[in-house]
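Trainee: With the sequence up front, the predicted model follows.
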Amino acid sequence: MCFICMLSVPKEKHFLKFYFTGSSGLPNFPQFEVVAEVDGSLIGYCNRTDFRLTHDWVKKFLDDDVELVKMKCSHGLPNEWKARISDLKKRLKQPEDVYVVQWMHSCDWDTETGKVTGFLQFGFNGEDFIALDIERNLWIALKQQAIPTKLAWDNDKARIHNNRIFTSQICPDWLKRSLDYGRNFLMRTELPTLSLLQRSPSDPVSCHATGFYPEKARLFWRKAGEQIHQFMNYEEILPNNDGTFQMSADLDVSSVSAADWWRYDCVFQLLDTEDKIILRLDQAVIKTNKMNPSKIAIFTTIIGMFLCALIALVITSIKRKKDNKYYDISKNPDISENPENSDISENPENK
């Protein structure tokens, strides 16, 4: 029974990541914010004035600690980061007025081996700055300017100890509890919608997959059932606003004859599954910016009818203005001053 249970556990890694960002000198940018995600899905966000949890299961996970976390985001962490940025300003002695400090703290859990690994790194003004070697209890300077900070932080044993406790104990515990509370959401699988896109006949055909989950997936082109690598261009996997993902794979069709198009197809597959979505290369299903002849004819006809109606309207308007000029007595002095053309209501014969 134990052996069967071991086989039923998915052989994959899960991760919990926190992204902290602090800034100074950027008036239209939050001075402090935190983003948390599990397996690539956003679960929470906060800054001094905004606090959001993306799912109900996250609220259940935090339970009575929601208000504590909210208070930490609005007061504790921002003040801590303000002091940290001030310390870096003094240490680096740089004349720049704008400073952006980034901190990523994460842990991975391998469900097959049970191994937990951690990662902690700081970035400064868009560049890698310093990282913690958790195994050796030492900070690693990732650029020359970080050496003074490394020497100072190496002597701060309490900081290193707290980071080790969070990485090896607290973070993995939060990750496992998140997977337990959010199992239906995080362990789900969603297949994407496949589309063929092409800007113009001379551009590559892009196979675009969007709406899939989890992030671990592959998208590739085949010819006669065999995966091809030549004339291929892969794009990175990107997140969607709803927590799913998207990716594209481009195929250069400039050297593919029209008679051979039917031999090519695009294949999407989630890793650790055998199910596949296959879309054959077909000119009829490609979405492009180029308008086909039938649509051009319809569009031209509509424009022509509109122009004819507009011209007719203008001619009618001009004709009415000319007619009004002759029939408006008040605007024709020759007629209004002639006694014979006075108000006919005064003629006795008309009474």
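Mentor: Nice, I can see it.
Trainee: quick one: contacts for the residue lying closest to I134 once chain neighbours are set aside?
Mentor: The shortest distance from I134 to any non-neighbouring residue, by Cβ to Cβ, 6 or more residues apart in numbering, is to G118 (5.3 Å). No exception for glycine: its C-beta is placed from N, CA and C like everyone else's. Listed by Cβ atoms under 8 Å, 6 or more residues apart in numbering, the contact set of G118 reads 105-108, 134, 167-168, 171.
Trainee: Secondary structure element holding G118?
Mentor: strand 116-124 (DSSP states H and E).
Trainee: Pairing partners for that strand, with directions?
Mentor: When pairs are called by DSSP bridges, strand 116-124 turns out to pair with strand 99-110 (antiparallel), strand 127-133 (antiparallel).
Trainee: thinking again about what came up before, out of the contacts of G118, which are buried?
Mentor: 105-108, 134, 167, 171 (16 or more other Cβ atoms under 10 Å).
Trainee: End to end on stretch 146-164, go ahead and measure it.
Mentor: 21 Å (Cα to Cα, to the nearest Å).
Trainee: any idea how far that stretch is from the chain center?
Mentor: Distance, stretch centre to chain centre, for stretch 146-164: 35 Å (Cα atoms, centre = their mean, to the nearest Å).
Trainee: go on, stretch 86-104?
Mentor: 29 Å.
Trainee: Now do the helices in the stretch 201-350 of the chain.
Mentor: In the stretch 201-350 of the chain, helices defined by DSSP state H, counting those that start in this stretch lie at 293-327, 333-336, listed in chain order.
Trainee: shaky segments in the protein?
Mentor: 1-11, 94-96, 231-234, 289-304, 308, 314, 317-351 (pLDDT under 70).
Trainee: try 80 this time
Mentor: For the chain, applying pLDDT under 80 flags the ranges 1-12, 24-30, 64, 84-98, 229-235, 272, 289-351.
Trainee: tell me the phi and psi of the closest residue to R164 other than its chain neighbours?
Mentor: Closest residue in space to R164, ignoring its immediate chain neighbours: I134 at 6.0 Å, by Cβ to Cβ, 6+ apart. Per-residue torsions, I134: phi -70, psi -30 (degrees, to the nearest 10).
Trainee: contacting residues for I134?
Mentor: Neighbouring residues of I134 by Cβ under 8 Å, 6+ apart: 118, 120, 163-164, 167-168.
Trainee: Pull the most distant pair out of the residues you listed.
Mentor: Greatest spatial distance among the contacts of I134 (Cβ to Cβ): L120 and S168, at 11.3 Å.
Trainee: Identify the residues contacting D265.
Mentor: Taking Cβ under 8 Å, 6+ apart, we find D265 in contact with 221-222, 278-281.
Trainee: Please repeat the previous calculation with a cut-off of 7 Å.
Mentor: 222, 278-281 (Cβ atoms under 7 Å, 6 or more residues apart in numbering).
Trainee: In strands, which of those fall?
Mentor: If you go by DSSP state E, those have 222, 278-280 in strands.
Trainee: would you turn those into JSON lines with neighbour count and distance to V100?
Mentor: Formatted as JSON lines, the ones in strands among the contacts of D265 follow (neighbours: other Cβ atoms under 10 Å; distance: Cβ to Cβ, whole Å):
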{"residue": "R222", "neighbour count": "16", "distance to V100": "44"}
{"residue": "I278", "neighbour count": "11", "distance to V100": "45"}
{"residue": "L279", "neighbour count": "17", "distance to V100": "42"}
{"residue": "R280", "neighbour count": "13", "distance to V100": "47"}
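Trainee: Next, format those as JSON lines and append distance to F129.
Mentor: JSON lines is the format used below for the ones in strands among the contacts of D265 (distance: Cβ to Cβ, whole Å):
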{"residue": "R222", "distance to F129": "44"}
{"residue": "I278", "distance to F129": "46"}
{"residue": "L279", "distance to F129": "44"}
{"residue": "R280", "distance to F129": "49"}
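Trainee: what pairs with S41 across the strands?
Mentor: Beta bridges link S41 to V38, judged by DSSP bridges.
Trainee: number of nearby residues for it?
Mentor: 21 (other Cβ atoms under 10 Å).
Trainee: SS state for S74?
Mentor: helix (DSSP: H, G, I helix; E, B strand; the rest coil).
Trainee: Skip the chain neighbours and tell me the closest residue to it.
Mentor: That would be R48: by Cβ to Cβ, 6+ apart, it lies 5.4 Å from S74.
Trainee: Surely the one you found is in contact with G76?
Mentor: No. In this structure R48 lies outside contact range of G76 using Cβ atoms under 7 Å: 11.0 Å.
Trainee: Give me the more crowded residue out of these two.
Mentor: Neighbour comparison, R48 and G76: the larger count goes to R48, with 15 against 12 (by other Cβ under 10 Å).
Trainee: now the residue lying closest to Q283 once chain neighbours are set aside: how far from V253?
Mentor: Leaving out its chain neighbours, the residue that sits closest to Q283 by Cβ to Cβ, 6+ apart is W261, at 6.9 Å. Plainly put, W261 is 8 Å away from V253 if you go by Cβ to Cβ, to the nearest Å.
Trainee: Show me which of the two is the more surrounded one.
Mentor: Higher neighbour count among W261 and V253: V253, with 21 against 15, using other Cβ under 10 Å.
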